[in-house]
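Student: need the 3D shape of this:
(2 chains)
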Amino acid sequence: EVKLLESGGDLVPVGGSLRLSCAASGFTFSDYAINWVRQAPGKGLEWVSAINGAGTDTYYTDSVKGRFTIFKDNSKNTVYLQMSGLTVEDTAVYYCAKTGGIGWFDDCWGQGTLVTVSS
Amino acid sequence: DIQMTQSPSSLSASVGDRVTITCRASQGISYFLAWYHQKPGRAPKLLLYGASRLYSGVSSRFSGSGSGTDFTLTISSLQPEDFATYYCQQYVSAPHTFGQGTKLEIK
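Tutor: Presented below is the predicted three-dimensional model:
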């Protein structure tokens, strides 16, 4: 069974840093890209970042470029999202999601981890 | 960036109704479109990908069509578990943008 488990969400001050983790199991981790998607309270889904299976290609939405870094450790079946320079607009539930393998859509999602940035 | 626009933003319907949600891309995305639904407090779930391909285990009452810029999601006969928020997403190029969502409520 495919499983994704996010962790690392917390309450942080404006300008602070945080690292989210996404631990995966149930599939060949290095074969699939992983996306991070966030959802601010009461709002819709926003794609944030992605990394390919090998960890060689990364992608970001404009609002987080230069502040967030995605990387993975294939030996630990874990993807990370290092976040810095946090603003109140980064407050959201952050989901990691496994791509479908034949495209960058997400066929399996974690339960999410809450990041709250407080001023 | 490619903008995705869904309509309507909200919809009231009854069990057994047929409903259609539309999604329009700001530029052509071929068939690189996925549909998800999400219930409050839960993670989204994949319904369709490739515009019209039903994901494994998803009921056949869900169907999708379209290519290029205009897409539709149809639910042939609403069931109680279908009341949720629906999102489209393009995945032809990063950022893989979502539509703003369509909230489907019980009439």
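Student: going forward, measure contacts between C-alpha atoms and count neighbours the same way
Tutor: Noted.
Student: which element is the most centrally placed residue in chain A on?
Tutor: Most central in chain A under CA atoms, centre = their mean is A:W36, positioned 3.1 Å from the mean C-alpha point. According to DSSP states H and E, A:W36 maps onto strand A:34-39.
Student: that older thread, list the contacts of the residue nearest to the centre of chain A.
Tutor: If you count contacts by CA atoms under 8 Å, 6 or more residues apart in numbering or on different chains, A:W36 has them with A:W47, A:V48, A:S49, A:A50, A:Y94, A:Y95, A:C96, A:A97.
Student: repeat that for 6 Å
Tutor: By CA atoms under 6 Å, 6 or more residues apart in numbering or on different chains, A:W36 lies in contact with A:V48, A:S49, A:Y95, A:C96.
Student: dump those into a markdown table; add neighbour count as well.
Tutor: Converted to a markdown table, these look like this (neighbours: other CA atoms under 10 Å in any protein chain shown):
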| residue | neighbour count |
| --- | --- |
| A:V48 | 27 |
| A:S49 | 25 |
| A:Y95 | 27 |
| A:C96 | 32 |
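Student: near chain B too, which of those?
Tutor: Among the contacts of A:W36, not one lies near chain B by CA under 6 Å from any CA of the partner chain.
Student: next, check the residues you listed against the strands and list the overlap.
Tutor: In strands, judged by DSSP state E, the following of these are found: A:V48, A:S49, A:Y95, A:C96.
Student: which among those gets closest to B:I2?
Tutor: Among the ones in strands among the contacts of A:W36, A:V48 lies closest to B:I2 (CA to CA), at 14.3 Å.
Student: you'd agree that closest one is up against A:A40?
Tutor: No: the pair A:V48 / A:A40 is not scored as a contact, 12.0 Å apart, by CA atoms under 6 Å.
Student: rewinding a little: show me the two of the contacts of A:W36 that sit farthest apart.
Tutor: A:S49 and A:Y95 (10.7 Å).
Student: list the contacts for residue 7?
Tutor: I'll assume chain A. With the criterion set at CA under 6 Å, 6+ apart, A:S7 makes contact with A:L20, A:S21, A:T113.
Student: oops, I was thinking of chain B
Tutor: So B:S7 contacts B:T22 (CA under 6 Å, 6+ apart).
Student: where's it relative to chain A, distance?
Tutor: Note on B:S7: its distance to chain A, by CA to the nearest CA, to the nearest Å, is 14 Å.
Student: then B:I75?
Tutor: Following CA to the nearest CA, the distance that separates B:I75 from chain A is 20 Å.
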